[in-house]
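Visitor: can you look at this prediction? I've put the sequence above it.
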Amino acid sequence: MSSEQFCSRVRWVLAQASLREARPHPAGGMEMAKAGRSDTAIHDLSIQRGEGGELHQVAEGDTPTTTTAFGTPVSDDQNSLKIGRRGPTLMEDFHFRDKMFHFDHERIPERVVHARGYGAHGYFENYESLADITRADLFQRPGERTQLFVRFSTVVGNKGSFDLARDVRGFAVKMYTKEGNWDLVGNNIPVFFIQDAVRFPDLVHSIKQEPDRAFPQATAAHDNFWDFISLMPESMHMIMWVMSDRAIPRSFRFMQGFGVHTFRFVNAKGKSTFVKFHWKPKLGLQSVVWNEAVKINGADPDFHRRDLWNAIKSGNFPEWELHVQLFDQEFADSFDFDVLDPTKIIPEEVLPTRPIGRMVLDRMPDNFFMDTEQVAFMTQNVPPGIDFSNDPLLQGRNFSYLDTQLKRLGSTNFSHLPVNALKCPMHHFQQDGHMAFRNPVGRANYQPNSWGEGPRESPERGHVAYPEDIEGQKLRVRPESFADHYSQARQFYISQTETEQNHIIGALTFEISKVETPAIRIRMVSHLLNIDEEMARKVATKLGIKEMPAPADAAVPTRMDLQPSPALSILRNGPDSIQGRKIGVLVTDGAELTLLRRLKELAMSEGATVEIVAPTVGGVVGSDGTSIEANHNIEGGPSVLFDAVVLLASEAEAAKLAGDAAALDFVMDAFTHCKFIGYVQGAMPLLEKTNMMAMMDEGVVAIDGEDSLARFLSTCRKLRLWEREPKTRVNQ
Ligand code: HDE
């Protein structure tokens, strides 16, 4: 073969390989086209789209020709243009320059907070007409659906951090209503750290990595954060929530969302009703334990992303109910706390929530960057019928969100991007700017004009700010009604089960133990003393603090008479179901695979899934000679990835696994994380090698046939056997 022939052969082989990789799977293309998903963003996967933007299948032999960004067909995408075979690359190589130029500019700034997020499309469905309380168009007609996009996020970590950081989760919903986008930009925790937006930059600076050393990342466990917090008594209620298991959710699908602030609904007659928004997951609440979270972050940093992706791709569409708490000025005046203070809740026992609709997430974006990165949420986006309250945090947010989008997305025209674009008519005279996809047409680009062109405002249809009577001096003050910082923190703590209280104590101990400055540790304990003395003493003991400090000065003494609110506990609101949960089965050669098949059927009938963990990912051969493939090998499928586990081993293979550290961890972690464990007799050598035998309990279930399998699955509905925890945590 001549060198010319050799080169062209290499070129051909490389080109074929890259085309094979780039070609979309025909079946995938078909499926998407059938589902009628042509309303999705137009992006660089245009090889899958027709001129009208519709998806089409790319058949074998019908491979499109690569082009430059400007449409010139490309003859060779593997070699740059050179002088001779070994000479320098030519400036003339416009294809190389075009390709490299675009690549060099791929990154945009990440969000200053909530950088790591994951989004999905779906819809909101109205239960009934709310016309008597709001004129918001989306709430007028029962059964009507409104398209939406949701982005879940962690707050502190950078874009590439891990999913199970102890952190607040963002829960931002953009609804494309017929009267403009409504962005309900909430969190999975109903209160916030600070009462006034002007403190936000300090809060965020303190919690992010320290500026000189650039660590620690994605965690609050460091001096700067606890220094700030210990000087910020208004944070104490939020601290109780963040130190609870709410901050380590098992899945986005099992967590609540909250609008946090008090908003207003305004009806067609101009009557205002205060409203607080709550999203409640259909599958119930569930979190993991801290030791598990730490291990999940290593085993699968994308644990929450993968969970949402798998659920939606397999047709198990996650669902939340939207609830509201509605109240008037009279209730607000009679309530113990100020409804404008974002560090306070209104307990559901005091003011029950009312379900008004449901949200279903049924479609992942075709492309992460197009939708999840480019989505721009703004609290200022409210349709007529929804209005703001004077919560000073909300008022400040209304500036920050618009401002930050320009920095991140680079042009005032970010509202033209498909994920941000309205799905209703829009008319205005805004024009030009970088990247304008559209401009008003016609002669008039101002109003009033004599040409009879363009839109005019409508006092009847337009958004009218609620005409609240307000008078007063300009003051930089905090109202006295915001002064009680400890009572609701205590109420949260006493509303938890003992298990949950222990987790809060454990979390506080862990976080504050990472603080290197003893004075900050002690200052934190002085705040805890105002919340619950026994909790403060336990934390102090675990931190090795010899002398208890005096309680922190409090502007208002803690109210001890606030009743516990059971709605605040995760465990008291468990689902009693394994729907949406995952069982991991450790299988070996020689195991009884009929049991595994039956387990899969039974689990599926309850809406749970089963994944197989085996010594090799190639799978195992069972006692009946049939074989089954595995989802993970043992090292790659630790039990922290599952909600319950089953040990399905033959005796000979279990004896071998008893010498395997990953297999022993699989069993012991499941046990210490209070999970239910099913096992067949053959697995005994593995169990015996752990130190579980002396602690066996009703959560470890022997399986020898169909009945015991069913019994095991019904036991799993409790999700965890928390009674086991005191036995396994020596330090508790
Ligand atoms: Fe945010 N917040 N925030 N925040 N926030 C941002 O906007 C801000 C607050 C929340 O998935 C930023 O686009 C201020 C409370 C979510 O894209 C920024 C204050 C709540 C998201 C910003 C708050 C939230 C953000 C950064 C105090 C719950 C992610 C990037 C006054 C009710 C949205 C961006 C997404 C993001 C400012 C406090 C929720 C800088 C000034 C309270 C879910 O604009």
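Guide: Yep, it's here. Numbers count the residues shown, from 1 in each chain.
Visitor: show me which residues of this protein sit near the ligand.
Guide: Counting by CB under 6 Å from any ligand atom, the chain comes close to the ligand at 111-114, 117, 151, 153, 170, 172, 185-187, 192, 197, 200, 260, 342, 375, 377, 393, 396-397, 400-401, 404. Backbone N, C-alpha and C define where each C-beta goes, glycine included.
Visitor: so which of those residues are in helices?
Guide: 200, 393, 396, 397, 400, 401, 404 (DSSP state H).
Visitor: what residues are up against the residue in the stretch 601-732 of the chain that the ligand sits nearest to?
Guide: Using CB to the nearest ligand atom, residue 641 is the residue of the stretch 601-732 of the chain that sits closest to the ligand, at 25.6 Å. Residues in contact with residue 641 (CB atoms under 8 Å, 6 or more residues apart in numbering) are 296, 299, 300, 303, 582, 584, 611, 632.
Visitor: those: which two are farthest apart?
Guide: 296 and 611 (14.5 Å; CB to CB).
Visitor: more neighbours: these two, which one.
Guide: residue 296 (22 against 15; other CB atoms under 10 Å).
Visitor: wait, doesn't the more buried one sit right on residue 304?
Guide: No: with contacts counted by CB atoms under 8 Å, residue 296 stays clear of residue 304, the gap being 9.3 Å.
Visitor: which neighbours do those two share?
Guide: By CB under 8 Å, 6+ apart, residue 296 and residue 304 have these common neighbours: 163, 164.
Visitor: near residue 329, how many other residues are there?
Guide: Neighbour tally, residue 329, other CB under 10 Å: 12.
Visitor: what's the closest non-adjacent residue to it?
Guide: residue 274 (7.6 Å; CB to CB, 6 or more residues apart in numbering).
Visitor: equivalent analysis for residue 328, please.
Guide: Nearest one to residue 328, counting by CB to CB, 6+ apart, is residue 273 at 6.3 Å.
Visitor: elements contacting the helix or strand where the one you found lies?
Guide: Per DSSP states H and E, residue 273 falls inside strand 272-281. Helices and strands touching strand 272-281, by 3 or more CB pairs under 8 Å, 6 or more residues apart in numbering; DSSP states H and E, are strand 180-187, strand 257-258, strand 263-266, strand 319-327, helix 329-334.
Visitor: re the thing from before, just the buried residues of the residues of the chain next to the ligand.
Guide: 111, 113-114, 117, 151, 153, 170, 172, 185-187, 192, 197, 200, 260, 342, 375, 377, 393, 396-397, 400-401, 404 (16 or more other CB atoms under 10 Å).
Visitor: just to revisit the earlier point, neighbouring strands for the strand holding residue 273, and are they parallel or not?
Guide: Strand 272-281 sits in its sheet next to strand 257-258 (antiparallel), strand 263-266 (antiparallel), strand 319-327 (antiparallel), going by DSSP bridges.
Visitor: show the pLDDT at the residue of the chain found nearest the ligand.
Guide: Nearest to the ligand in the chain, going by CB to the nearest ligand atom, is residue 170, at a distance of 2.8 Å. According to the prediction, residue 170 has pLDDT 98.
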